[in-house]
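Undergrad: what's the 3D shape of this:
(one chain, ligands or ions: 1)
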Amino acid sequence: MLLHLFILSSFLLCCVEFVNAGITSAFIRSEFPSVDIPLDNEVFAVPKGQNAPQQVHITQGDYDGKAVIISWVTPDQPGSSLVQYGLSDGNYASKAKGSFRNYTFGDYKSGFIHQCYLDGLEYDKKYYYKIGEGDAARSFWFQTPPKINPDASYTFGIIGDLGQTYNSLSTLKHYMHSGGQTVLFVGDLSYADRYQYHDVGVRWDSWGRFTEQSTAYQPWIWSAGNHEIEFMPYMGEVIPFKSYLNRYPTPYMASKSSSPLWYAIRRASAHIIVLSSYSPFGN
Ligand SMILES: *[C@@H]1O[C@H](CO)[C@@H](O)[C@H](O)[C@H]1NC(C)=O
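TA: Predicted coordinates for the structure are as follows:
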């Protein structure tokens, strides 16, 4: 992706050498080349409390926006897959029980990755939810979309190629101030494939903690990019999209798809179709 963009931009630059478009945005990147934020930076901080849920993220759970999938990781033990939720803060009238999975990648062993499905939600409401146990419990909220309607007003953000550099941080902060209500994520999440062996999994975990400030509070609609393939035979990993598929569930069955990489949803006034450009990879 990056290489293609580079070739394309070199080509364009050579054609438009004498054109000066001036400054078109108040937002100017300061740091290039971009470097990954070190793991001990506070943006990757592990939440307090024994086995506290981390890397919390939500996505739409059904076809029409009346369900969400909540996902999180507990690092030490499975713990509980229970989500308590409701329409007022601290008073959780409903609960749903999910499930968890874990996987290995090279010599890395993942934490326990929970997924819980909440359905039958009302449109246009703020829901509060709580996960985890005892003093390691954590609470968040999200807003359901308006009923499907061609005139329903709604603001989507589009983010792709996020990674975990200092520029990623400024992009995320910039988005969070934009008023966007749902992210359409167009592939290349963590860039953990820059790493090898144990560190690939470690950088997926750090990315999950980094993005939680947005992903726990509004749905990010996922699609896979080439950086999710992670075909790494030298470390025994040959199943494409393994980390991505274990960590980022999608509501593919609601659109009668047979693969989580391909699906469709409707949300407010939008009909969103997620394609997977790299699906033929391998076989
Ligand atoms: C999942 O976790 C259990 C308990 O720690 C462990 O025994 C098992 O090997 C793990 N499975 C994978 C695929 O990592």
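
Undergrad: which non-adjacent residue is nearest the residue of the stretch 1-150 of the chain found nearest the ligand?
TA: Here the stretch 1-150 of the chain gets closest to the ligand at one residue, residue 102, 3.8 Å apart by C-beta to the nearest ligand atom. The way it works is simple: take the backbone N, C-alpha and C, and place the C-beta from them, glycine included. Nearest residue to residue 102, sequence neighbours excluded (C-beta to C-beta, 6 or more residues apart in numbering): residue 110, at 4.9 Å.

Undergrad: ok, the one you found - how many residues close by?
TA: 18 (other C-beta atoms under 10 Å).

Undergrad: and it, backbone torsions?
TA: phi -70, psi 160 (degrees, to the nearest 10).

Undergrad: just say helix, strand or coil for residue 100.
TA: Judged by DSSP: H, G, I helix; E, B strand; the rest coil, the three-state class of residue 100 is strand.

Undergrad: just to be sure, residue 171 is in a helix?
TA: Yes - according to three-state DSSP, the state of residue 171 is that of a helix.

Undergrad: so it sits against residue 164, correct?
TA: No - contact criterion C-beta atoms under 8 Å: residue 171 and residue 164 do not qualify, at 10.7 Å.

Undergrad: the more surrounded of the two?
TA: The residue with more neighbours, out of residue 171 and residue 164, is residue 164; 28 against 17, by other C-beta under 10 Å.

Undergrad: check contacts around the residue of the stretch 1-150 of the chain closest to the ligand.
TA: Applying C-beta atoms under 8 Å, 6 or more residues apart in numbering, we find residue 102 in contact with 109-113.

Undergrad: repeat that for 10 Å
TA: Residue 102 sits next to 73-74, 78, 109-113, 246 when contact means C-beta atoms under 10 Å, 6 or more residues apart in numbering.

Undergrad: keep those, but drop any that are not near the ligand.
TA: Among those, the ones lying near the ligand by C-beta under 6 Å from any ligand atom are residue 109.

Undergrad: of the contacts of residue 102, which is the most crowded?
TA: Neighbour counts for these, by other C-beta under 10 Å, peak at residue 74, which reaches 25 neighbours.

Undergrad: correct me, but that residue touches residue 82?
TA: No - when contacts are counted by C-beta atoms under 10 Å, residue 74 is not listed as touching residue 82 (11.8 Å).

Undergrad: quick check: neighbours shared by the two?
TA: Joint contacts of residue 74 and residue 82 (C-beta under 10 Å, 6+ apart) are 114, 131-133.

Undergrad: now the buried members of these.
TA: By neighbour count, with 16 or more other C-beta atoms under 10 Å, these hold 114, 131-132 as buried.

Undergrad: nearest residue to the middle of this structure?
TA: Computing the C-alpha centroid of the chain and ranking residues by C-alpha atoms, centre = their mean puts residue 220 first, at 5.5 Å.

Undergrad: all set, thanks.
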